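Engineer: Just to be clear, the model below is a prediction. Sequence and coordinates:
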Amino acid sequence: MPEETGAARRGEKSRAVYALRRLIAPVLDIVLPHSCLACGAIVDAAGVLCPACWEGIELIGPPCCDACGLPFEYDAGSGAVCGACAKHPPPFGQARAPMLYSAASRRLVLSFKHGDRTYAAPAYAKWMVRAGADLIDNADLLVPVPLHWTRLFARRYNQAALLSREIGKLSRLPVDATTLVRHRRTRTQGVMGRSARHKNVAGAFSISARGAQKVARRRVLLVDDVMTTGATVSTCTKVLIRAGAISVDVLTLARVPAPSG
């Protein structure tokens, strides 16, 4: 279809621009001083935060929910899951993220997602690889959560695909950014609750014509920028499992904390 062809061409252009930026980055590193990914302050190396910005980042580590990765205040024992996962077990195996989605990390994520700061992808991928080391060891294939072609046209790049590409370089896992397709545009989910989010993404994803053979009998690691209620990654997981994937785990850059109370 013409729309799909146009989206493909725009995707190719975005990838070319991204590749060019990666090529000239070493030259810029020599000419220009390194700056903090968050505030722009001068730092010693590329792809890092200054001490002041690091203080605002809430890193996620054990103990945490064995399923969704939400941090626990105390160690509940091996394999323990949070109340939400106990009540509604997710279709994916495990989900992990290096940091909570808080005021400080929100600035990083949004500037990467909407502000053209694609040069931060390699740094964020390193954080994700450390947080999801066990998931990566158990995976055969990286699959980014796709954008609808209209959003890809407006944004010019898929942040989940950029993260997947960099994670693939570090882990040597293959990346498949074409099998999973968002065929229906969904509303922005920022202010939606859990139920509304699940309804919003229901039926929005599918497998491309030749995609099933790529994920069949594979252990898939699904990659996205932020996980909130898990509605999007759960819907994607179900589609991938129906296509023949053995298992699906989830790796995101940030994780929205559980609501208080």
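Structural biologist: Thanks, I have it.
Engineer: element containing the most centrally placed residue in the chain, please.
Structural biologist: By C-alpha atoms, centre = their mean, the chain has its centre lying nearest to Asp224, at 1.9 Å. Element membership for Asp224 (DSSP states H and E) is strand 219-227.
Engineer: partners of that strand in the sheet?
Structural biologist: Applying DSSP bridges, strand 219-227 is found paired with strand 141-144 (parallel), strand 247-255 (parallel).
Engineer: elements contacting the following helix or strand past it?
Structural biologist: Counting by DSSP H and E, the next helix or strand C-terminal to strand 219-227 is helix 231-242. Helix 231-242 is packed against strand 180-182, helix 194-201, strand 205-207, strand 219-227, strand 247-255, with contacts defined by 3 or more C-beta pairs under 8 Å, 6 or more residues apart in numbering; DSSP states H and E. To be clear about C-beta, it is placed using only N, CA and C from the backbone, and glycine gets the same treatment.
Engineer: which one of those lies closest to Glu58?
Structural biologist: When the helices and strands packed on helix 231-242 are compared for distance to Glu58 using C-beta to C-beta, the nearest one is strand 247-255, at 9.5 Å.
Engineer: Just tell me which of the strands paired with strand 219-227 ends up closest to Leu162.
Structural biologist: Taking the strands paired with strand 219-227 one by one with C-beta to C-beta, strand 141-144 is closest: 8.2 Å.
Engineer: what about Arg255, distance to Ile60?
Structural biologist: Separation of Arg255 from Ile60 (C-beta to C-beta, to the nearest Å) stands at 6 Å.
Engineer: Show me which of these two is the more surrounded one.
Structural biologist: Counted by other C-beta atoms under 10 Å, Arg255 and Ile60 do not tie: Arg255 has more neighbours, with 27 against 17.
Engineer: isn't that one right next to Thr229, touching?
Structural biologist: No. Using C-beta atoms under 8 Å, Arg255 is not in contact with Thr229, being 10.9 Å away.
Engineer: what's in contact with the helix or strand hosting Ala86?
Structural biologist: Ala86 belongs to helix 83-87 when assigned by DSSP H and E. Identification of contacts with helix 83-87 by C-beta atoms under 8 Å, 6 or more residues apart in numbering yields Cys65, Ala67, Cys68, Leu70, Ala258.
Engineer: need the next SSE after it, C-terminal direction.
Structural biologist: strand 95-96.
Engineer: Please name every helix or strand in contact with that following strand.
Structural biologist: On a contact count with 3+ C-beta pairs under 8 Å, 6+ apart, strand 95-96 meets strand 247-255.
Engineer: Would you indicate which residues of the strand it packs on are buried?
Structural biologist: The neighbour-count check on strand 247-255 (16 or more other C-beta atoms under 10 Å) flags Ser247, Val248, Asp249, Val250, Leu251, Thr252, Leu253, Ala254, Arg255 as buried.
Engineer: and what of stretch 154-161?
Structural biologist: Using 16+ other C-beta under 10 Å as the test for burial, stretch 154-161 gives Tyr157, Asn158, Gln159, Ala160, Ala161.
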